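**Student:** mind folding the following:
(chains A and B)
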2 protein chains.
Amino acid sequence: MILTVTLNTALDITYRVRSLRPHATHRVSEVTERPGGKGVNVARVLAALGHPVTVTGFAGGGTGRAVRDALGAVPGVVDALVPTGGTTRRTVAVVDERSGDTTQLNEPGPTIAPAEWAAFLAAFEDLLPAAAAVALCGSLPPGVPVGAYAGLIRTARAAGVPVLLDTSGEPLRRGLAARPDLIKPNAEELAELTGSHEPTRATQDARRRGAHAVVASLGAQGLLAVTPEGHWRATPPARVHGNPTGAGDSVAAGLLSGLVEQLPWPARLTRATALAAATVGAPVAGEFDRAVYEELLARVAVSGEVSAA
Amino acid sequence: MILTVTLNTALDITYRVRSLRPHATHRVSEVTERPGGKGVNVARVLAALGHPVTVTGFAGGGTGRAVRDALGAVPGVVDALVPTGGTTRRTVAVVDERSGDTTQLNEPGPTIAPAEWAAFLAAFEDLLPAAAAVALCGSLPPGVPVGAYAGLIRTARAAGVPVLLDTSGEPLRRGLAARPDLIKPNAEELAELTGSHEPTRATQDARRRGAHAVVASLGAQGLLAVTPEGHWRATPPARVHGNPTGAGDSVAAGLLSGLVEQLPWPARLTRATALAAATVGAPVAGEFDRAVYEELLARVAVSGEVSAA
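**Tutor:** From the prediction side, this is the model:
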């Protein structure tokens, strides 16, 4: 199985309203709710691709129960979340039906107690032997040490399990020192990490900071990969219009599934690019449109070269 | 005990954000959550005044569980909510810290199945013999017949239990035909019911439509009461600044507690007026400030006259 870690899980709620006006009272015409947090989203895409997935991280309170109930209903996903005494955060996306714009309200999430963090570390070690790969995803909740990901990467690498790290800011910076197998920053995260807004230079710099491979996601321009095996660029055939929410998580799922299947890099990048575009184009935020995905697989362009041995 | 009925209970969530801007992403700095719906709010104020209260209506799903968990923790309140297969609605109040303005998002709430409505009617009849008074509060959820309140009023009156009806629109219009003991419309509800924007005329008209007593709440101008025993006007000593959320529910609780204690009308109106003002002035929406309440009790002005016997 593939193990995804989401330390700051969420209950993602979407409200549709006719038109959002500050200071007014709105009747919500439609409510949708689903488990969220980056690693949970990655797990859902992996399961849809046919990979058995185990989800760990923290869940607590009534919203944590809602997350676990919904996760338990997804075929192929095993819930190995660790209880926390706090309450899992909600995120509320308010979609304005007139403009199509989304306004986002994100709760801060619970503080993790030291004993809960210790319980998570024990659970993580227990899960590792069965894992073909690990994804460490998203922000760190209060109470979790800022160097948490570096520790988890060392533990996974000691167990011989490859690690994808998908986070930003200081947790990313600290995590790199532990040499993750793969990071997949977007342009903004890459610029924050390296200080450079030039994608090729920034991607190379990120690799020098400790990641074995770096796949930069450049939105509609596709992916830029710098790896020990070579460097490539993957480009979708046309700009897809829609909601980019979850596209980054689809990239992570595409890369991770390709790693576990031992696909060559161009095939991994093709899959990740097609999945991201099919996620942007899907009617529900964060889902991917399977027909669009399969159609795009044949049309993603990959160029690059293999490193000299 | 006093029985309060809330057919459309809610989990009331308040988010504080720095400044609400449509289309932006906001970090919520503070989350508060409490059980809501008018009858639940009335029950909380009654319990704070020392009256044992039983809460009925519907609750379901994860939010229904959160409502029941929180209600169970309020001293003096007994939870007699009836389960529904749907999910209790959330209301989200987004408070903009810069302007102090509140933006409200209200979920529609679950549809009540015919068997659930029958179960509620049976529960209501079982609760009535122990009730000193009943409050029927708020809107009707989908699935509940629009004449529901009229039926509940007839059942309560047949059992000799006085009824306060606090609703609006068609449920109020239909309810009046069953002759509730008391209604407490605000100026807007009164105008919608009678077509008149002149408070004295509209209040008298509302009484002719079937209510034994009408107490109109006129915001900062206080209360206007037309009853079989006489007519009165109660005025707070000064305009209180703050959040009017829940002031109407405090009026209902003040009137209901005064009825059960068999206070004369001027004392009931004094209590209701002081409670409403102490609710507007409280730092938390819907709570009342006890010190302000007790201080105002001596300063509410009541004028009017007793009817000729």
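
**Student:** any weak-confidence spans in chain A?
**Tutor:** Regions of chain A meeting the criterion pLDDT under 70 cover residues A:285, A:309.

**Student:** up against chain B, what does it have?
**Tutor:** Taking Cβ under 8 Å from any Cβ of the partner chain as the contact definition, chain A meets chain B at A:15, A:17, A:20-29, A:31, A:62-63, A:65-66, A:69, A:92, A:94, A:96, A:99, A:101-108. The C-beta positions use only the backbone N, C-alpha and C, and glycine is treated the same way.

**Student:** which helices and strands sit right next to the helix or strand containing residue A:172?
**Tutor:** When secondary structure is defined by DSSP states H and E, residue A:172 falls within helix A:169-176. Contact analysis of helix A:169-176 by 3 or more Cβ pairs under 8 Å, 6 or more residues apart in numbering or on different chains; DSSP states H and E lists helix A:148-158, strand A:163-166, strand A:182-183, helix A:187-194 as its packing neighbours.

**Student:** recalculate using a threshold of 6 Å.
**Tutor:** Based on contacts counted as 3 or more Cβ pairs under 6 Å, 6 or more residues apart in numbering or on different chains; DSSP states H and E, the elements that helix A:169-176 packs against are helix A:148-158.

**Student:** residues in contact with the helix it packs on?
**Tutor:** Residues outside helix A:148-158 that contact it (Cβ atoms under 6 Å, 6 or more residues apart in numbering or on different chains) are A:134, A:136, A:140, A:163, A:165, A:171, A:174, A:175, A:177, A:178, A:180.

**Student:** kindly reformat those residues as JSON lines containing distance to residue A:79 and neighbour count.
**Tutor:** Converted to JSON lines, the contacts of helix A:148-158 look like this (distance: Cβ to Cβ, whole Å; neighbours: other Cβ atoms under 10 Å in any protein chain shown):
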{"residue": "A:134", "distance to residue A:79": "17", "neighbour count": "30"}
{"residue": "A:136", "distance to residue A:79": "18", "neighbour count": "28"}
{"residue": "A:140", "distance to residue A:79": "21", "neighbour count": "19"}
{"residue": "A:163", "distance to residue A:79": "21", "neighbour count": "28"}
{"residue": "A:165", "distance to residue A:79": "22", "neighbour count": "28"}
{"residue": "A:171", "distance to residue A:79": "24", "neighbour count": "22"}
{"residue": "A:174", "distance to residue A:79": "28", "neighbour count": "19"}
{"residue": "A:175", "distance to residue A:79": "25", "neighbour count": "26"}
{"residue": "A:177", "distance to residue A:79": "31", "neighbour count": "14"}
{"residue": "A:178", "distance to residue A:79": "27", "neighbour count": "20"}
{"residue": "A:180", "distance to residue A:79": "25", "neighbour count": "28"}
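
**Student:** of the residues of chain A next to chain B, just the buried ones, PyMOL syntax please.
**Tutor:** For selection in PyMOL, the members of those meeting the burial criterion (16 or more other Cβ atoms under 10 Å in any protein chain shown) are listed in this command:
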select buried, chain A and resi 15+17+20+26+28+31+62+63+65+66+92+94+96+102+103+105+106+107
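
**Student:** measure how far the helix holding residue A:172 is from the centre of its chain, please.
**Tutor:** Average the C-alpha atoms of helix A:169-176, do the same for its chain, and the two points are 15 Å apart (Cα atoms, centre = their mean, to the nearest Å).

**Student:** what does stretch A:103-113 give?
**Tutor:** A distance of 17 Å separates the centroid of the chain from that of stretch A:103-113, by Cα atoms, centre = their mean.

**Student:** what does stretch A:296-309 give?
**Tutor:** If you compare the mean C-alpha spot of stretch A:296-309 with that of the full chain, they lie 23 Å apart, counting by Cα atoms, centre = their mean.

**Student:** can you list the buried residues in that stretch?
**Tutor:** Buried residues in stretch A:296-309, counted by 16+ other Cβ under 10 Å: A:296, A:300, A:302, A:304.

**Student:** out of those, which sit inside helices?
**Tutor:** Among the buried residues of stretch A:296-309, the subset assigned to helices under DSSP state H consists of residue A:296.

**Student:** so which of the buried residues of stretch A:296-309 is the closest to residue A:45?
**Tutor:** Nearest to residue A:45 among the buried residues of stretch A:296-309 is residue A:296, at 14.6 Å by Cβ to Cβ.

**Student:** residue contacts, that closest one?
**Tutor:** Contact criterion Cβ under 6 Å, 6+ apart gives A:274, A:277 as the residues in contact with residue A:296.

**Student:** repeat the analysis, applying 7 Å as the threshold.
**Tutor:** Residues touching residue A:296, when contacts are defined by Cβ atoms under 7 Å, 6 or more residues apart in numbering or on different chains, comprise A:236, A:237, A:274, A:277, A:278.

**Student:** that one and residue A:250, how far apart?
**Tutor:** When distance is defined by Cβ to Cβ, to the nearest Å, residue A:296 is 12 Å away from residue A:250.

**Student:** tally of neighbours for the closest residue to residue A:185 other than its chain neighbours?
**Tutor:** Nearest residue to residue A:185 in three dimensions, chain neighbours excluded: residue A:216, at 5.9 Å (Cβ to Cβ, 6 or more residues apart in numbering or on different chains). Using other Cβ atoms under 10 Å in any protein chain shown as the criterion, residue A:216 is surrounded by 23 other residues.

**Student:** for residue A:216, give me phi and psi.
**Tutor:** Taking degrees, to the nearest 10, you get phi -90, psi 130 for the backbone angles of residue A:216.

**Student:** circling back to that earlier point, now, which of the residues of chain A next to chain B lie within strands?
**Tutor:** Judged by DSSP state E, strands contain the following of those: A:15, A:17, A:25-27, A:31, A:92, A:94, A:96, A:102-106.

**Student:** quick one: the top helix by length along chain A to chain centroid distance?
**Tutor:** Here the longest helix in chain A is taken by residue count, with DSSP H as the criterion, and it is helix A:265-280. Taking the mean of its C-alpha atoms, helix A:265-280 sits 14 Å from the chain's own mean (Cα atoms, centre = their mean).

**Student:** ok, how many other residues are close to the closest residue to residue A:8 other than its chain neighbours?
**Tutor:** Of all residues beyond its chain neighbours, the one nearest residue A:8 is residue A:141 (4.5 Å), with distances taken as Cβ to Cβ, 6+ apart. Neighbourhood size, residue A:141 [other Cβ under 10 Å]: 24.

**Student:** residue A:141 in helix, strand or coil?
**Tutor:** Taken by DSSP: H, G, I helix; E, B strand; the rest coil, the conformation at residue A:141 corresponds to coil.

**Student:** for the closest residue to residue A:209 other than its chain neighbours, what are its contacts?
**Tutor:** Spatial nearest neighbour of residue A:209, chain neighbours left out: residue A:176 (4.7 Å); criterion: Cβ to Cβ, 6+ apart. When contacts are counted by Cβ under 7 Å, 6+ apart, residue A:176 touches A:209, A:210, A:211.
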